[in-house]
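Asks: no sequence on hand, only this structure:
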């Protein structure tokens, strides 16, 4: 049996998330989830979201951003969840179905048990939709000016990956970007060099797939992400408890023209099996963000197109 449902991710001013306990009248009673419910015949996911939130917690949705679509398989049925970030609503939030409700922090959830299909949200909600990988060597203009422009436009996460410049030039570039990013509360990760990440006070380190499989543990005080090209890579990343992974290549790329791309269909099949945040990488442009969400990614990563826009 297949079920489709719409789910609302609702924040308060303290960046807490609203959760509701399933009432005794429903299956999985006593388990906590984000509010929402089944999409009825003839309804769009957004229409279902608006109806369910009105019925369950008494609010009228004014604006909601379409986010991830994820499939989760329970023992006797499969559910496709359409997640929305509810950015504006009217009315007072109250329990309309005699359920308990609670505001929780994404990194300090104090309610349990939580429905398994909702686990991903706690890990993904603080991550940006777009993640940039530097490409200073190929960029024809002033790259630091372009970085500042993107930060000013809301870029929240940068991975510094420059294989064609000297170590000293890499360090100088990294220092400049870290200082610049600090003015915008953006995060900076260094490619595959944990010691350098500490030395330069970067926010994190990105592991290539080879390094991922060689390590037996990862730093606990850094953001750690990993490059993945297969389900095996993702499973290793999950055992290491990395913050997120980048799955590639989704489409043909300039840097690896002879590599067969995964394609959106197979990308979607892979993402549905894992509760870890996954970015899509490989030929990504901003127009691909909706395809990425529909395929279960939390966003896109880009090395070239993002700097050209």
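Replies: That came through, no problem. These figures come from a predicted structure and were not determined experimentally.
Asks: please make it C-alpha for all contacts and neighbour counts, starting now.
Replies: Noted.
Asks: what sits up against stretch 251-260?
Replies: Stretch 251-260 is contacted from outside by 249, 261, 262, 263, 281, 282, 283, 284, using Cα atoms under 8 Å, 6 or more residues apart in numbering.
Asks: the same query, at a cut-off of 6 Å, please.
Replies: The list of residues contacting stretch 251-260 from outside it, by Cα atoms under 6 Å, 6 or more residues apart in numbering, reads 261, 263, 282, 283.
Asks: now do the buried residues in that stretch.
Replies: 251, 252, 253 (16 or more other Cα atoms under 10 Å).
Asks: cool, and stretch 86-105?
Replies: Neighbour-count burial for stretch 86-105, counted by 16+ other Cα under 10 Å, picks out 86, 93, 99, 101, 103, 104.
Asks: please apply the same query to stretch 17-37.
Replies: Under the neighbour-count criterion of 16+ other Cα under 10 Å, stretch 17-37 has 17-23, 30-37 buried.
Asks: with stretch 118-137 instead?
Replies: By neighbour count on 16+ other Cα under 10 Å, the buried set for stretch 118-137 is 118, 120-125, 129-136.
Asks: so which of the contacts of stretch 251-260 is the closest to residue 192?
Replies: If you rank those by distance to residue 192 using Cα to Cα, residue 282 comes first, at 18.8 Å.
Asks: which residues sit in contact with the residue lying closest to the closest one once chain neighbours are set aside?
Replies: Of all residues not flanking residue 282 in the chain, residue 249 sits nearest, at 4.3 Å (Cα to Cα, 6 or more residues apart in numbering). The contact partners of residue 249, taken as Cα under 6 Å, 6+ apart, are 261, 262, 281, 282.
Asks: could you do residue 13 as well?
Replies: For residue 13, no contacting residues are found, by Cα under 6 Å, 6+ apart.
Asks: show the pLDDT at it.
Replies: Here the pLDDT value assigned to residue 13 is 91.
Asks: pretty sure residue 268 is touching residue 295, no?
Replies: Yes. Between residue 268 and residue 295 there is a contact under Cα atoms under 6 Å: 4.4 Å.
Asks: just want to know which of the two has more residues nearby.
Replies: A count of neighbours by other Cα atoms under 10 Å puts residue 295 above the other of residue 268 and residue 295, at 24 against 21.
Asks: just the pLDDT at the more buried one, thanks.
Replies: Looking at residue 295, its pLDDT reads 96.
Asks: that one contacts residue 266, correct?
Replies: No. Applying Cα under 6 Å as the test, residue 295 and residue 266 come out as separate, 9.0 Å apart.
Asks: just to revisit the earlier point, relative to residue 237, which of the contacts of residue 249 is nearest.
Replies: Taking Cα to Cα as the measure, residue 237 sits nearest to residue 281 out of the contacts of residue 249, at 16.5 Å.
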